[in-house]
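Undergrad: can you look at this prediction? I've put the sequence above it.
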Amino acid sequence: MMGLEEHRRKGPENVRCAVIVTSDTREAQTDRSGSMITQLLQGAGHEITDYRIVPNDATALANALEASAEGSQAVVISGGTGVSKKDITVDVVEPLLEKRLSGFGELFRHLSYREIGSATIVSRAVAGTIGARVIFCLPGSEGAVKLAMRELILPEISHIVGELEK
């Protein structure tokens with residue numbers, strides 16, 4: 001029987017990743033969350049195939065997600081996972097998911113609760129697959145991005161991509 005670590009090692013060392021930030025106010029110079037995602041992925045040996053900031057608009061986000069499909073194995077989206085009228089990320093992405101990774105959102109909210117308390121209930125962070133790509137939808141705050149990347153995404157991204165490539 002294969003152990004967990006051996007199972008994880010079967011995934012690719014280098015994952016091709018797209019980063020999408022949804023925001024009506026951020027630009028490349030002021031986007032600290034997207035920059036953090038990019039730096040953490042590259043620091044772990046992964047490749048950034050696409051990085052873009054799109055407005056909080058369903059069509060713009062859907063188009064960015066489709067454009068990122070070219071050459072990416074994973075997409076990390078930051079922003080738009082709350083409950084305000086402008087928070088459309090989950091509403092756009094969730095219907096496209098073929099398989100939901102429910103544990104991602106559950107674990108993210110559990111870990112987040114330890115840091116910010118009950119305010120975590122407004123997070124609709126979600127992950128799932130579209131074809132052979134994994135999609136992660138994160139809140140836009142730096143703290144949330146750091147938590148999700150370090151505790152959940154970086155430890156498992158290669159494993160998930162490896163599973164999708166079977």
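TA: Yep, that arrived.

Undergrad: what about the residue lying closest to residue 61 once chain neighbours are set aside, which helix or strand?
TA: Closest residue in space to residue 61, ignoring its immediate chain neighbours: residue 92 at 4.8 Å, by C-beta to C-beta, 6 or more residues apart in numbering. Backbone N, C-alpha and C define where each C-beta goes, glycine included. In this assignment (DSSP states H and E), residue 92 forms part of helix 89-93.

Undergrad: rewinding a little: isn't the residue nearest to residue 61 up against residue 64?
TA: No. Taking C-beta atoms under 8 Å as the definition, residue 92 is not a contact partner of residue 64, at 9.8 Å.

Undergrad: ok, back up a step: check the gap between the residue nearest to residue 61 and residue 30 for me.
TA: With distances taken as C-beta to C-beta, to the nearest Å, residue 92 is found 23 Å from residue 30.

Undergrad: quick check on these two: which one has the bigger neighbour count.
TA: residue 92 (20 against 11; other C-beta atoms under 10 Å).

Undergrad: now for residue 123: which residues touch it?
TA: 81, 82, 105, 108, 109, 112, 139, 144 (C-beta atoms under 8 Å, 6 or more residues apart in numbering).

Undergrad: likewise for residue 165?
TA: Counting by C-beta under 8 Å, 6+ apart, residue 165 touches 12, 73, 132.

Undergrad: report how many residues lie close to the second one.
TA: Which is residue 73. Residues near residue 73, counting by other C-beta under 10 Å: 24.

Undergrad: thanks again, I'm all set now.
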